[in-house]
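J.: need a 3D model of the following:
(2 chains)
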Amino acid sequence: MITAKSGLWTRRNVLHMLPGAFASALVPKLFGIATPVTEPVKPFSRFVDVAATAGLTQTMVYGEPGHITYIVETTGTGCAFFDYDNDGWMDIFIPGGRRVDGVPPGSSNRLYRNNRDGTFTDVTAKAGLVDAGWANGVCVGDYNNDGFEDLFITYYGQNRLYRNNGDGTFSDVTTNAGLLYPHTRFNTGCTFVDYNRDGLLDLFVSNYVEIDLATAPKPSLTVPNCNYEGVPTNCGPNGLGAPGHYLYRNNGDGTFTDVSKESGIAACRGSFGLTAVAFDADEDGWQDIFVACDSTPSLLLLNNHDGTFREEALLRGIALGSGGELLGGMGVGVGDYNLDGHLDLVKTHFQNQSTGLYRNNGKAEFDDVTAQAGLNPERRFISWGTGLIDFDNDGYPDILIATGTVYPELERVYPNKYPAHSPRILYRNQRDGTFVELGDEAGPGVSARHTSRGCAFGDFDNDGDMDVLIMNVNEPPSLLRNDAPSGNHWLKVRLEGTKSNRSAIGARVLVHYGGKVQAQCVASQSSYISANDPRLHFGLGTASTADVEVHWPTGKSETYPTLTAGQLVTIREGEGIVKGRPFR
Amino acid sequence: MRCIFRSSDSKTNEMAIRRIWAKTGLLLAVCLITPFLRADCVGPHALELKVHDHPDASAFSELGFWFGDHGQYTCAVKSYRAAVKLDPRSPDLLYLLGLSLYSSDNAQEAVAALQQAIQLKPGVLKPHLILAFALAKLERGEDAKAQFEAALQIDPRSTEALDGFAKLLSAHGDYPSVIALLRQAPPDESLALDLADAYDKVGTLDEAANVLTEGLRANPLSLPLSNALVTVLVRQTHFEAAAKFAAKSVSLHPHDIPAQILYLHVLVLNDDVADAKPLARKLLAAAPHDFGVLYLNGVLEREAGDYAVARAHLEEAVKLNPNHYNCHYNLGVVLAQLKDPRGAKEQLEQALALGATEPQIRFELVSVLRTLGETQQAQEQLKLYQQEAQAKTNSTLAAVKAAQGDKEMAGGDAQKAVGFYREAAQANSKDATVHYKLALALDRTGDTTAEKSELEQAIKLDPNLAVAHHQLGYLLSQNGDTASAEEHFRLAVRAAPGYTQAWVSLAATLGIESRFPEAEEAIAIALRLDPQNTEAQQLRKDLTAAQAQR
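T.: Now for the predicted structure:
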């Protein structure tokens, strides 16, 4: 046998769960016998990529195609469904990237206005959002409670806060908001969150690694963590410094104050942070924050109700893999896969690591149920954007995952194992706590191969099922139209805070239907550094009515019994169901 | 790693001895006549008859050889003793007696016989070689080295001598000397394995892989070379390449179970579950009580969530190899899943006691302790987990920064290198090599004060870091402090006796102090280590000239 020898914690051998030499590499991992794909009993959704016909044609530049020099070229970008003009139809925002040697012509953020006919118009310039850089994540929220959703974009560089002016334009208010900082940071995740329940959206920003491109290591066979399978590749994140994360308190006057230190956030160093999700994990009425972290323990920041947080991911079973191994956490989906009324997490990981499913008991104590749920066998691709979304409206949330390599150079050497382009992964909820992976039967939009990062879930055509927007690196995005099977019912819930923040970010909604209960929450960011349609979508299966229970971010609860399926209901805090934005 | 190259050094020596036995003396006519001599040492009838009829040295020698050739070394010793008694001045008989004694585990007496043989007939390779083996067995390392060197003086390309010497040096951790010894060695499977092992030990896995690849090119059917290359590739995290070589090896040696187990190892590591599962099952049928097979099946079953079966296999594996910490760890995880936290705790603690350093093992223990309600212990373990994880992160960061420093040094930008090395030292202040590298970079920038401080720090962290002693000696010598310089040069050669440059520096310093005999001695060692060393050659001339001028 081969004896153990420690000391080879290179980036991807950690991710191969290889802590050292040969024998010690055989630490537990979660994979199992490949589950044969079985034909679902009932028809499922089919997905067709309609991006081109919908007018989403601009290439989203990010890094050098086919060859990546620095890790900053690997993380962008997220994307967002949001209704910037309050017309009741989901618009699209995708942050704009660049290349190492500059910004190529045409590279920019993209804001696409929904034309309400299945097509979009690029209104980036008109909206004042033309810009490009090492943009990463996007989070959406009405930070000034003026009724219009604002945008915050993270960068390797300087983040940007864009205030929605309500007239179809945005203003960069970063400086005035007090969100400038003196040094370059590798900001990735962000989420608006009312952590102190004052009705104002505060802002959390996660950071990935400490890196200065002037001195950063380049692909090399001699520098640790700068090669993979014997091929020089971009370096990191292991071997790079782990930065801190930031919390900004909203002062209510359009400005923010950095409260990272006094809130305890600044003390949470040592993790390579990516997607940030704010939700009430322990159901105590206060917002908590989960950060998916790459190659380091993920973070669960529990709210102490006094303006501070405590980090307890390790204690609560959500920091590491089921065998205690480090995972390459990328994206996070929040939802209730087993219909127990508690918000569970699905977390995407690096190659050779299955996507993890974590069952919440409502007290923020998580069980890793990846193996039981049948997610173990699929570990071929690096996975990014994800969500627990009920695509076929059968009342049980499914899982979709966007995938894409960070080492395009490997394809030349190992085309089968490490392809530059990879398909989307779709799991159908089998209604018994397990999932089955679907293939071509889910449509060409799923099996198509791209190098993708973030994805956002939303009903862009307002047809009562959840579609998917996917950011593809150095390609136009994909817009997967969901053609859900007929026969199932659904209900959409849109919330407007009054005492709570206007966007109702952090609200937890329980919908009871057909003897089941499903929890969802309004999140400013999830998936992979992306923002979903804020209208919560519940498949109801055969149930034609549902009872809705809303837990507002400021702590108040309301119930709305016997709502008829097939509609969007808008609930205003303290006022009840109101006439909302148009739906059809 | 080492185990894959060879099962043990003694076994390799034994093989060399067998080879020597096979090559020694004349071919004997094999007589199948029923032996008639004593029952405990009975040779072929014809030879026994010859001894009986003509009890001269030649007859006893023939019989002794027969015994030796058949592995009956004690009997060989008796025969050769009788032969030597009859012809005590025969170097050949003394050598064969020494060989027999060594082979029968009597190294002490072998040494005397072999020394006599060498005295009577110098310049013969094999007596020196066997004497070296015997001295090594008696842990007389320096004497053994001298005999290997003498053997190599006689035949510099002797693979047995090179192999034995390399193993002796390796056993003393002197891998740079192994590399120097074997870099130009003739193509040979054992030597390639020795050299690759040495490269591996000094952390140059690329060189190890190159040596093994070259070895395989010359000897494509060599299973040891193939296995070693697979292991090196795994250690380089080149899993795809490792899987390819392992698969090829299995196809070339379809009945070799260890090769298949190695292949299974690689498949498991490479997440090739589809290929791993059937191979694991096949191996379980073929070798149901093999540790590796049981362990790997247990790992696969555990990962598939088949905990009960995994438990059975891992429990048996642990019984077969109670010192394999990963086996304990996997069993611990399985027991935790099977709701046996007490059993899990025992296994995880055992894994840690066996020296496991992977933080996840400690973390798994934290979970189990919490399940058992042992919160205080859980907290302590969690703290340790966090400390160990942080230490690993820092170590990785330091490695990257140091590698960047290396690149800058190679590119000639010492100032930039200083910056990277400082960052590396900051991340992992306990790495002596980083401080040494920083010292070298500072040397290039001319900051000798800081250089000295870094060298002292390096030596403080690793008192056996020969290169740091040498550099500090050099620095002190430059400053005229020859006494301190000499001290550090001596420490350098003590830590790395094969360090030619340190011997040259020591000789030069002793020369400056006009201690010519000692200087001559040091330069002789340097030239013995590297006869072509021009600096040493020049210094010898200078020393001779200096003495002549006195």
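
J.: what residues does the stretch 151-300 of chain B have near chain A?
T.: If contact is defined as CB under 8 Å from any CB of the partner chain, the residues of the stretch 151-300 of chain B in contact with chain A are B:206, B:231, B:233-241, B:265, B:268-269, B:271, B:273-274, B:277, B:291-292, B:295-296, B:299. Where C-beta positions appear, they are placed from N, C-alpha and C, glycine not excepted.

J.: B:Arg342: neighbouring residues, count only.
T.: 10 (other CB atoms under 10 Å in any protein chain shown).

J.: for B:Gly373, see how far away it is.
T.: Per CB to CB, to the nearest Å, B:Arg342 is found 11 Å from B:Gly373.

J.: if we can go back for a sec, quick one, which of the residues of the stretch 151-300 of chain B next to chain A are buried?
T.: With burial judged by 16 or more other CB atoms under 10 Å in any protein chain shown, the buried subset of these is B:231, B:233-241, B:265, B:268-269, B:271, B:273, B:277, B:291-292, B:295-296, B:299.

J.: test my guess that B:Arg444 contacts B:Ala414.
T.: Yes - at 3.5 Å, B:Arg444 and B:Ala414 qualify as touching, with contact defined as CB atoms under 8 Å.

J.: and B:Gly292, what helix or strand is that in?
T.: In the assignment (DSSP states H and E), B:Gly292 maps to helix B:291-303.

J.: what's the burial count for B:Glu520?
T.: By other CB under 10 Å, 18 other residues sit near B:Glu520.

J.: so for it, what's the pLDDT?
T.: For B:Glu520, the pLDDT comes out at 94.

J.: over to B:Thr237?
T.: As predicted, B:Thr237 sits at a pLDDT of 88.

J.: beta partners for A:Gly157?
T.: The bridge-partner assignment for A:Gly157, based on DSSP bridges, gives A:Arg185.

J.: residues in contact with it?
T.: If a contact means CB atoms under 8 Å, 6 or more residues apart in numbering or on different chains, then A:Gly157 has A:Gly133, A:Trp134, A:Thr184, A:Arg185 as its contacts.

J.: can I get those in a markdown table with distance to A:Gly141?
T.: Supplementary listing: the contacts of A:Gly157 in a markdown table, determined by distance: CB to CB, whole Å:
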| residue | distance to A:Gly141 |
| --- | --- |
| A:Gly133 | 21 |
| A:Trp134 | 22 |
| A:Thr184 | 25 |
| A:Arg185 | 21 |
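
J.: confidence-wise, which of these comes last?
T.: The lowest pLDDT within the contacts of A:Gly157 belongs to A:Thr184, which sits at 93.

J.: go ahead and confirm that one touches A:Asp212.
T.: Yes - counting by CB under 8 Å, A:Thr184 sits close enough to A:Asp212 to count as a contact (7.0 Å).

J.: in terms of neighbours, single out the busier of the two.
T.: Between A:Thr184 and A:Asp212, counting by other CB under 10 Å, A:Thr184 is the more crowded of the two (17 against 11).

J.: report the contact partners of the more buried one.
T.: With CB under 8 Å, 6+ apart as the criterion, the residues that contact A:Thr184 are A:Tyr156, A:Gly157, A:Gln158, A:Asp212.

J.: likewise A:Gly88?
T.: Going by CB under 8 Å, 6+ apart, A:Gly88 touches A:Asn462, A:Gly580, A:Arg581, A:Pro582, A:Phe583.

J.: now list the buried members of those residues.
T.: Members of the contacts of A:Gly88 that pass the buried threshold by neighbour count (16+ other CB under 10 Å) are listed as A:Asn462, A:Gly580, A:Phe583.

J.: dump the residues you listed into TSV; add distance to chain B and pLDDT as well.
T.: Converted to TSV, the buried ones among the contacts of A:Gly88 look like this (distance: CB to the nearest CB, whole Å; pLDDT from 0 to 100):
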residue	distance to chain B	pLDDT
A:Asn462	42	97
A:Gly580	46	89
A:Phe583	44	88
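
J.: of the residues you listed, closest to B:Ala57?
T.: Relative to B:Ala57, the closest of those is A:Asn462; by CB to CB it sits at 108.5 Å.

J.: so that closest one, which state does it fall into?
T.: Here A:Asn462 is recorded as coil under DSSP: H, G, I helix; E, B strand; the rest coil.

J.: likewise for the one 3 residues further on?
T.: Reducing the assignment to helix, strand or coil with three-state DSSP, the entry for A:Asp465 is coil.

J.: what's around the closest residue to it other than its chain neighbours, how many residues?
T.: Spatial nearest neighbour of A:Asp465, chain neighbours left out: A:Ala484 (3.7 Å); criterion: CB to CB, 6 or more residues apart in numbering or on different chains. One way to gauge burial is a neighbour count; for A:Ala484, by other CB under 10 Å, it gives 24.

J.: quick check: B:Glu451 touching B:Arg444?
T.: No - assessed by CB under 8 Å, B:Glu451 is found out of contact with B:Arg444, at 9.2 Å.

J.: and these two? Which one has more around it.
T.: B:Glu451 (21 against 15).

J.: and the nearest residue to A:Asn115 once chain neighbours are set aside, its phi and psi?
T.: The spatially closest residue to A:Asn115, leaving aside those adjacent along the chain, is A:Thr121, at 5.9 Å (CB to CB, 6+ apart). Here the main-chain torsion angles of A:Thr121 (degrees, to the nearest 10) amount to phi -120, psi 130.

J.: mind listing what A:Thr121 touches?
T.: A:Thr121 touches A:Gly55, A:Tyr112, A:Arg113, A:Asn115, counting by CB under 8 Å, 6+ apart.

J.: if you count neighbours, what's buried in the helix or strand containing B:Ala468?
T.: Assigning secondary structure by DSSP H and E places B:Ala468 in helix B:466-478. Within helix B:466-478, the residues that qualify as buried by neighbour count (16+ other CB under 10 Å) are B:Ala466, B:Val467, B:Ala468, B:His469, B:His470, B:Gln471, B:Leu472, B:Gly473, B:Tyr474, B:Leu475, B:Leu476, B:Ser477.

J.: and residue 107, its phi and psi?
T.: In the absence of a named chain, this looks at chain A. phi -80, psi 130.

J.: the residue nearest to it when sequence neighbours are not counted: neighbour count?
T.: The spatially closest residue to A:Ser107, leaving aside those adjacent along the chain, is A:Val61, at 3.9 Å (CB to CB, 6+ apart). Around A:Val61 there are 22 other residues, counting by other CB under 10 Å.

J.: so A:Val61 touches A:Pro95, yeah?
T.: No - taking contact to mean CB under 8 Å, the distance of 10.9 Å between A:Val61 and A:Pro95 leaves them out of contact.

J.: B:Thr544 belongs to a helix?
T.: Yes - the assignment for B:Thr544 (three-state DSSP) places it in a helix.

J.: now do it against chain A, distance only.
T.: For B:Thr544, the distance to chain A under the criterion CB to the nearest CB, to the nearest Å works out to 43 Å.

J.: not counting its neighbours along the chain, what's nearest A:Asn234?
T.: Across the structure, with CB to CB, 6+ apart as the measure, the residue nearest A:Asn234 apart from its sequence neighbours is A:Ile68 (4.5 Å).

J.: where does that neighbour sit: helix, strand or coil?
T.: Taking three-state DSSP, the label given to A:Ile68 is coil.

J.: and it, what does it touch?
T.: With contacts taken as CB under 8 Å, 6+ apart, A:Ile68 has the following neighbours: A:Thr74, A:Pro219, A:Thr233, A:Asn234, A:Val406, A:Tyr407, A:Pro408, A:Glu409.

J.: would you mind putting these into CSV with secondary structure and pLDDT alongside?
T.: Formatted as CSV, the entries for those read as follows, by DSSP: H, G, I helix; E, B strand; the rest coil; pLDDT from 0 to 100:
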residue, secondary structure, pLDDT
A:Thr74, coil, 98
A:Pro219, coil, 95
A:Thr233, coil, 96
A:Asn234, coil, 96
A:Val406, coil, 97
A:Tyr407, coil, 97
A:Pro408, coil, 96
A:Glu409, coil, 96
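
J.: between the residues you listed, which has the most around it?
T.: With neighbours defined as other CB under 10 Å, the most crowded of the contacts of A:Ile68 is A:Thr233; it has 28 neighbours.
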